[in-house]
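Engineer: Could you look at this predicted model? Sequence included:
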Amino acid sequence: SGHPSRCSDDRVRRVVKGIRKRKKGEAKQRRARPLLPEHLAAMCHWLDQRWGSRPLRRLRDKAILLTGFAGALRRSELTALRIGDVRIRDENVLFFIARSKTDQEGKGATVDWAKDDDMKALGICTIEVLREWLSLRGEANDDSPFICRVTKESLDERPVSRENVSRLVRKGAAAIGLEAEH
């Protein structure tokens, strides 16, 4: 009848978007149990036994676990880290997260992990492991992946995949007697 459609009105679009969000949110969210420092220490000791004769793989896997834990990172954030995004100091590590699921504007965020005496008492030190990983990693530019693939005992400059991170966490959890949760 010649009237403009209300469907294209911004107010209607916002209401419909809110309804969609509410419907999605009604589904029961499954929450994975947290990984505690004791679990992390046990997983690191399991890696020592599993990859004892393969230092690159052992340190890479420890770096994955400890970086993810220290930064409370999602798999996508962990695999997107570049060497230039990680600053290791004597008492802390700074991780710059360039893009995140919760950072839709893409401003980025810096996560600070301070040296943890409780974890040190459990036999693991994130700062020492990350320093050792970078030392073994050798010369690489700031845009190289922080966590790269290891094939046999050589480095592959491609970033480790999200699936490999997930597989490592599941296998490590199973090895120390935790139920593997996806």
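Structural biologist: Received it, and whenever you're ready, just let me know what you need.
Engineer: L59 belongs to a helix?
Structural biologist: Yes - counting by DSSP: H, G, I helix; E, B strand; the rest coil, one finds L59 located in a helix.
Engineer: Which pLDDT value goes with the nearest residue to it once chain neighbours are set aside?
Structural biologist: The shortest distance from L59 to any non-neighbouring residue, by Cβ to Cβ, 6 or more residues apart in numbering, is to W133 (4.7 Å). All C-beta spots, glycine's among them, are computed from the backbone N, C-alpha and C. pLDDT, W133: 93.
Engineer: residues contacting W133?
Structural biologist: W133 makes contact with 59-60, 62-63, according to Cβ atoms under 8 Å, 6 or more residues apart in numbering.
Engineer: Same question for the helix or strand containing it: list its buried residues.
Structural biologist: Secondary structure assignment for W133, by DSSP states H and E: helix 126-137. Going by neighbour count (16 or more other Cβ atoms under 10 Å), the buried part of helix 126-137 is 126-127, 129-130, 132-134, 137.
Engineer: Please apply the same query to stretch 157-165.
Structural biologist: Neighbour counts using 16+ other Cβ under 10 Å place 159-160, 164-165 of stretch 157-165 among the buried residues.
Engineer: Which of those fall in helices?
Structural biologist: Counting by DSSP state H, the part of the buried residues of stretch 157-165 found in helices is 164-165.
Engineer: if we can go back for a sec, got the buried residues of helix 126-137 as a markdown table, with distance to D116 columns?
Structural biologist: What follows is those, written out as a markdown table (distance: Cβ to Cβ, whole Å):
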| residue | distance to D116 |
| --- | --- |
| T126 | 7 |
| I127 | 9 |
| V129 | 12 |
| L130 | 13 |
| E132 | 17 |
| W133 | 17 |
| L134 | 19 |
| R137 | 23 |
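Engineer: tell me the contacts of G84?
Structural biologist: Applying Cβ under 8 Å, 6+ apart, the residues near G84 are 96, 141-143.
Engineer: Please report the distance of the residue nearest to D48 when sequence neighbours are not counted from S5.
Structural biologist: Of all residues not flanking D48 in the chain, R58 sits nearest, at 6.5 Å (Cβ to Cβ, 6+ apart). To S5, R58 is 62 Å away according to Cβ to Cβ, to the nearest Å.
Engineer: C125 now?
Structural biologist: Noted for C125: a distance of 62 Å to S5, by Cβ to Cβ.
Engineer: Would you mind checking which of the buried residues of stretch 157-165 is nearest to R74?
Structural biologist: R74 has its nearest neighbour among these in V165, at 9.6 Å by Cβ to Cβ.
Engineer: count of residues packed around the residue nearest to the closest one when sequence neighbours are not counted?
Structural biologist: Counting by Cβ to Cβ, 6+ apart, R75 is the residue found nearest to V165 once chain neighbours are left out, at 4.7 Å. When neighbours are defined as other Cβ atoms under 10 Å, R75 has 17 of them.
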